[in-house]
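Chemist: Sequence first, then the predicted structure, then my questions.
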Amino acid sequence: MKMRKHIFRWGQLLLMLLLLCPTIQAQKIDQPNVIIIITDDQGYGDLGYTGNPHVKTPNLDAFAKKSIRFNNFYVSPVCAPTRASLMTGRYSLRTGIRDTYNGGAIMASNEVTIAEMLKQANYKTGVFGKWHLGDNFPSRPNDQGFDESVIHLSGGMGQVGDFTTYFEGDRSYFDPVLWHNGEQEAYEGYCSDIFAEEAIDFIEKNHQTPFFCYLSFNAPHTPLQVPDKYYQMYKDIDPSTGFEEDSRPFVEMSEKNKEDARKVYAMVSNIDDNVGKLLKKLDDLKITKNTLIVFMTDNGPQQTRYVAGMRGRKGSVYRGGVRVPFYLRYPSKWNGNRDIETTTAHIDMLPTLAEICNASIPTDRKIDGKNLVPLLNKKRVDWEDRPLFFYWTRRYPERYNNMALQKGPYKLVAHTDYDAPIGNFELFNLANDPYEQVNLVEQRKDGAKSLKSEMNNYYNELIQSANLLDPPRIQIGSEYENPVFLNRNDAGGERGIWNQEEVYGKWEVSIAEGVYDIKFRFVKPIEKGGKMYLEIGARISQKKNELDNADFIEMKNISLPKMDCSLIPFYAVNGKKIFPFWVEMNKIN
């Protein structure tokens, strides 16, 4: 009898605790774990689920079948703008992101990212893979809300900005030196495997509290490097075949295109295996139901291959460049295996997660995206078709050059001069012409002019964004990062600056007062007898080089005041001015 009374009292106590502490239940219901998986240069057609007969993606195909599929989901034509919009809910130009390099891929530190928003709601946050929104303080992942980060630099491994892998050549994706919480660290294995393993480890360590995991694969971006066992899966296929009965447009593939496609499909199959491992870990930890997972890609394919009949590829504002797969799964909230045809975009991710995760959306700035929850709840209340603005040109947006505005079924595309008449534009009805083949501009000039007016409004507003007019500067000599490595991805100067030797370049910096040791690294060894010049604001220092075939030149004990300025280094020898590959700034006192 006493035992029954004790059991009854314990039951009453437990019930009271549950009633008095609703957050015990609410944490599971109102704060799901969040995983965003994004791949790099994987086009809409690089999945079995989207009709590709060659690529093997069983895990992603199964995931798509169980998910809510947003079939008209759009991103920016290239990487950094897509990532800025995804992270902030804003058009990338508002954030200071205007390009993938040329100094235009540094996001302003005053932007609020998904990670910062969710951290305020007590989430643990981690990023693994590609960041591409700034490699120095205050724009690194750990400065922008991430507790844990394992990333490569710049826009891609093996690229000039990622100087820890650049000189590895055709091995840059294997056994790389990566950046763990801002510090260089050597890893073993293939990059996609490493990033997935680090993400899985982060999930395992943090699965008892709400977490946000941003798994941002750098594959299948160039250079097209992949473990041989995956390449062997595709070495004998012809990626241009299998579409004979398909009435959709298909671009002719060269032999190089075919070989590139084989490597891309191999890289995608590796990603698919890693996604399978991550999904299994969620099952093992018994957190699948309470985990919201998104799979998407960042833009269209870089190379010519199957893209489901759409026109254009990476860099283009046609659908092949900006329409990507977007699959969302959250089993405890919504049933999967359904399609949403409403036009949606990368800018919608932040406001959507704010509502789902009970987080506070920033209220002191314009959020361009819309909350997708009404669509997920099968409601179209307050959901009006809004315009989507697309652009991309090197350096800064150029009026009417590779620019588009989509509203409802109509899309106006500009590949023309800044003062071109409406007849030089293209107008498509995507409902009737999803492959953008029939230009209706002559038949519907009034409608085209109306869309052109809206395009002008977007362009004029965005080009005046504060973070574009006053772009973010790299902070040198701060307590948060010392030494600072200035890399080629963030160098401005001549348009298209990359790995050239004789090129004018500079970095826009904010320098803390102090004494610095400065090291200059070059793409190739330099001749002796020249002089190294360093222009920092109005201060110019020079040093003669007496070493032949030197990789480095050092300047020590350079006293600098606090200032915002351009940092301009070059080595003058035999009538040439050679720009360094990277510059190390080390504040010694």
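Modeler: That came through fine. Residues are numbered from 1 along each chain as shown.

Chemist: Only C-alpha atoms from now on, for both contacts and neighbour counts.
Modeler: Fine.

Chemist: what's the domain layout of this protein?
Modeler: Following automatic domain parsing, one finds the domains of the chain at 1-30, 33-376, 388-468, 474-587.

Chemist: So which of those domains is the most surrounded?
Modeler: Most buried of these, by mean neighbour count (mean count of other CA atoms under 10 Å): domain 33-376, with a mean of 21.

Chemist: Can you list phi and psi of the residue nearest the centre of the chain for me?
Modeler: By CA atoms, centre = their mean, the chain has its centre lying nearest to residue 83, at 3.3 Å. Residue 83 adopts backbone torsions of phi -70, psi -40, taken as degrees, to the nearest 10.

Chemist: And it, how close does it get to residue 436?
Modeler: Spatial separation of residue 83 from residue 436 under the definition CA to CA, to the nearest Å is 26 Å.

Chemist: same question, residue 262
Modeler: The gap separating residue 262 from residue 436 is 27 Å, by CA to CA.

Chemist: show me the contacts for the residue nearest to residue 186 when sequence neighbours are not counted.
Modeler: Beyond its immediate neighbours in the sequence, the residue positioned closest to residue 186 (CA to CA, 6 or more residues apart in numbering) is residue 177, lying 4.3 Å away. Residue 177 makes contacts with 164-165, 184-187, as judged by CA atoms under 8 Å, 6 or more residues apart in numbering.

Chemist: and if we set it to 6 Å?
Modeler: Applying CA atoms under 6 Å, 6 or more residues apart in numbering to residue 177 gives the contacts 164, 185-186.

Chemist: Quick check: residue 271 is in a strand.
Modeler: No. Assessed with DSSP: H, G, I helix; E, B strand; the rest coil, residue 271 is helix; it does not lie in a strand.

Chemist: State the helix or strand in which the residue nearest to it when sequence neighbours are not counted lies.
Modeler: Counting by CA to CA, 6+ apart, residue 192 is the residue found nearest to residue 271 once chain neighbours are left out, at 6.7 Å. Secondary structure from DSSP states H and E places residue 192 in helix 191-206.

Chemist: so how far is that helix off the chain centroid?
Modeler: The chain centroid and the centroid of helix 191-206 are separated by 18 Å under CA atoms, centre = their mean, to the nearest Å.

Chemist: now what about that helix, what contacts it?
Modeler: So helix 191-206 is contacted by 128-129, 173 (CA under 6 Å, 6+ apart).

Chemist: do that again at 8 Å, thanks
Modeler: Helix 191-206 is contacted by residues 124, 126-129, 150, 173-176, 187-188, 211, 213-215, 217-219, 270-271, 274-275, 278, 281, 285 when judged by CA under 8 Å, 6+ apart.

Chemist: Going along the chain from it, find the next helix or strand for me.
Modeler: Secondary structure here is assigned by DSSP H and E; on that basis, the next helix or strand after helix 191-206 toward the C-terminus is strand 211-216.

Chemist: elements contacting that next one?
Modeler: Counting contacts by 3 or more CA pairs under 8 Å, 6 or more residues apart in numbering; DSSP states H and E, strand 211-216 is packed against strand 33-39, strand 124-129, helix 191-206.

Chemist: closest one to residue 297 among the ones you listed?
Modeler: Comparison of the helices and strands packed on strand 211-216 against residue 297 by CA to CA identifies strand 33-39 as nearest, at 4.7 Å.

Chemist: which is the next helix or strand following that closest one?
Modeler: Downstream of strand 33-39, the first helix or strand assigned by DSSP H and E is helix 58-66.

Chemist: Other residues contacting that following helix?
Modeler: Counting contacts by CA under 8 Å, 6+ apart, the residues outside helix 58-66 that touch it are 47-49, 272-273, 275-276, 327, 329, 336-337.

Chemist: ok, now stretch 502-517?
Modeler: Around stretch 502-517, the neighbours that count as contacts under CA under 8 Å, 6+ apart are 103, 473-478, 486, 490-494, 497, 554-569, 576-579, 585-589.

Chemist: got CSV for the domains of the chain, with mean pLDDT too?
Modeler: Below are the domains of the chain laid out as CSV (pLDDT from 0 to 100):
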stretch, mean pLDDT
domain 1-30, 44
domain 33-376, 97
domain 388-468, 97
domain 474-587, 97
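
Chemist: sec struct for residue 225, please.
Modeler: Using three-state DSSP, the secondary structure recorded for residue 225 is coil.

Chemist: hmm, back to that, what separation do you get for the residue nearest to residue 271 and residue 269?
Modeler: Counting by CA to CA, the separation of residue 192 from residue 269 is 11 Å.

Chemist: Also residue 440?
Modeler: 40 Å.

Chemist: Strands of the stretch 451-589 of the chain, residue ranges please.
Modeler: In order along the chain, the stretch 451-589 of the chain carries the following strands (DSSP state E, counting those that start in this stretch): 474-476, 484-486, 492-493, 505-511, 514-526, 531-536, 539-544, 550-560, 563-573, 576-578, 582-587.

Chemist: Helices of the stretch 1-150 of the chain, start to end?
Modeler: Counting by DSSP state H, counting those that start in this stretch, the stretch 1-150 of the chain has helices at residues 2-20, 23-30, 58-66, 79-88, 92-95, 114-119.

Chemist: helices or strands next to the last one in the packing?
Modeler: So that's helix 114-119. Using 3+ CA pairs under 8 Å, 6+ apart as the contact criterion, the neighbours of helix 114-119 among helices and strands are helix 79-88, strand 124-129, helix 349-356.

Chemist: what does that helix rub up against?
Modeler: Residues lying outside helix 114-119 but in contact with it, judged by CA under 8 Å, 6+ apart, are 87-88, 124-125, 144-146, 212, 350, 354, 357, 359-362.

Chemist: In CSV, list the C-alpha atoms belonging to that helix.
Modeler: Written as CSV, here are the backbone C-alpha positions of helix 114-119 (Å, rounded to 0.1, in the frame of the first residue of the first chain):
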residue,chain,number,x,y,z
ILE,A,114,21.6,32.3,-39.5
ALA,A,115,24.3,31.2,-37.1
GLU,A,116,24.2,34.4,-35.1
MET,A,117,20.4,34.3,-35.0
LEU,A,118,20.3,30.7,-33.8
LYS,A,119,23.0,31.3,-31.3
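
Chemist: heads up, I number from 415, so please use that
Modeler: Renumbered: residue one is now 415, and that last one reads helix 528-533.

Chemist: chain center to it: distance?
Modeler: 16 Å.

Chemist: do the fifth one as well
Modeler: Offset of helix 506-509 from its chain centre (CA atoms, centre = their mean): 13 Å.

Chemist: Which elements pack onto it?
Modeler: By contact count (3+ CA pairs under 8 Å, 6+ apart), the secondary structure elements abutting helix 506-509 are helix 493-502, helix 880-883.

Chemist: Turn the ones you listed into TSV, including distance to residue 444.
Modeler: Supplementary listing: the helices and strands packed on helix 506-509 in TSV, determined by distance: least, CA to CA, whole Å:
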stretch	distance to residue 444
helix 493-502	21
helix 880-883	34
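
Chemist: Looking at those, spot the one closest to residue 483.
Modeler: Comparing the helices and strands packed on helix 506-509 by CA to CA, helix 493-502 comes nearest, at 17.5 Å.

Chemist: contact partners of the closest one?
Modeler: 454-455, 489-490, 504-507, 509, 511-514, 519, 521, 525-529, 545-547, 569, 712-713, 760-764, 781.

Chemist: any idea how far residue 508 lies from residue 556?
Modeler: With distances taken as CA to CA, residue 508 is found 21 Å from residue 556.

Chemist: next one: residue 649
Modeler: Separation of residue 649 from residue 556 (CA to CA) stands at 40 Å.

Chemist: Same check on residue 766?
Modeler: Counting by CA to CA, the gap from residue 766 to residue 556 is 23 Å.
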